[in-house]
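> Have a look; sequence and predicted model below, questions after that.
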Amino acid sequence: MKTQSRSVSHGMMAKTENEDQILVQQALRGKPKSFGELCRRYYPSLIAIADSILLDHHLAEDAAQETLAAACRNLKTLKRPESFGAWVGTICRNVAKDMLSELPRQRKAAERYASLEHDCDDCDHGMIMTEAVQQLPQHLREVVYLRFYNEMSYEQMAKVLGATQQSIDGRLRRAKKKIAAFLAKKGFRR
């Protein structure tokens, strides 16, 4: 059964790659609707990738928009049009990291915690869970954001990150273990 599922999944991924390749080629021939379709497909994923780095949804939206603008300007440099998703994901990571380096981390963290209310247990739990995710290394935080905040399938995540579904699964498992260990240190039980 697993073999059949893998081949169906691989077939769907190949179909999407072929569609991306066609859209990229059409965009390069001056058809703006084709690039618009690529933007529509990847914009939510780019927000999730940027949010996993910047830890600010509004900044992540800005990073995703900047990424798509850069992708549009540099589309002719894409060597493998079928790899558009992984290519644009890499651009997004770089844009978000550049944005992060321009922001003073201490000020951002102070503003974030100052805006949280501390007068209920649920607020404290939410803050601790946010802290648990934020302490993850960026590559693990990225898959958590894509999977749980953006509700992407393993197949979609693999395409955007340019990785295999197995490596995505491994990253998610490591992220969950690190979050569980962090929560255990804070006194939470399973």
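Cool, got the structure.
> Find the residue at the geometric middle of this protein.
Ile49 (2.5 Å; C-alpha atoms, centre = their mean).
> Please save the CA atoms from the helix or strand encompassing it in CSV.
Applying DSSP states H and E as the criterion places Ile49 in helix 32-54. Extracted in CSV, the C-alpha atoms of helix 32-54 (Å, rounded to 0.1, in the frame of the first residue of the first chain):
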residue,chain,number,x,y,z
PRO,A,32,1.8,37.8,-17.1
LYS,A,33,-1.2,35.6,-16.1
SER,A,34,1.2,32.7,-16.0
PHE,A,35,3.5,34.4,-13.5
GLY,A,36,0.4,35.4,-11.6
GLU,A,37,-0.7,31.8,-11.3
LEU,A,38,2.8,30.9,-9.9
CYS,A,39,2.4,33.7,-7.4
ARG,A,40,-1.0,32.5,-6.3
ARG,A,41,0.4,28.9,-5.9
TYR,A,42,3.4,29.8,-3.8
TYR,A,43,2.5,33.0,-1.9
PRO,A,44,1.1,31.2,1.2
SER,A,45,4.1,28.9,1.3
LEU,A,46,6.5,31.9,1.1
ILE,A,47,4.7,33.7,3.9
ALA,A,48,5.1,30.6,6.1
ILE,A,49,8.8,30.3,5.2
ALA,A,50,9.5,33.9,5.9
ASP,A,51,7.4,33.8,9.1
SER,A,52,9.5,30.9,10.4
ILE,A,53,12.5,33.1,10.1
LEU,A,54,11.2,36.6,11.0
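> quick one: average pLDDT of that helix?
Averaged over helix 32-54, pLDDT sits at 94.
> show me where the protein has strands.
Here the chain has no strands by DSSP state E.
> Sketch out the low-pLDDT regions of it for me.
Counting by pLDDT under 70, the chain contains low-confidence ranges at 1-15, 104-124, 189-190.
> In it, mark out all the helices, start to finish.
In the chain, the segments counted as helices under DSSP state H are 2-28, 32-54, 57-74, 84-102, 105-115, 121-134, 138-144, 154-161, 165-185.
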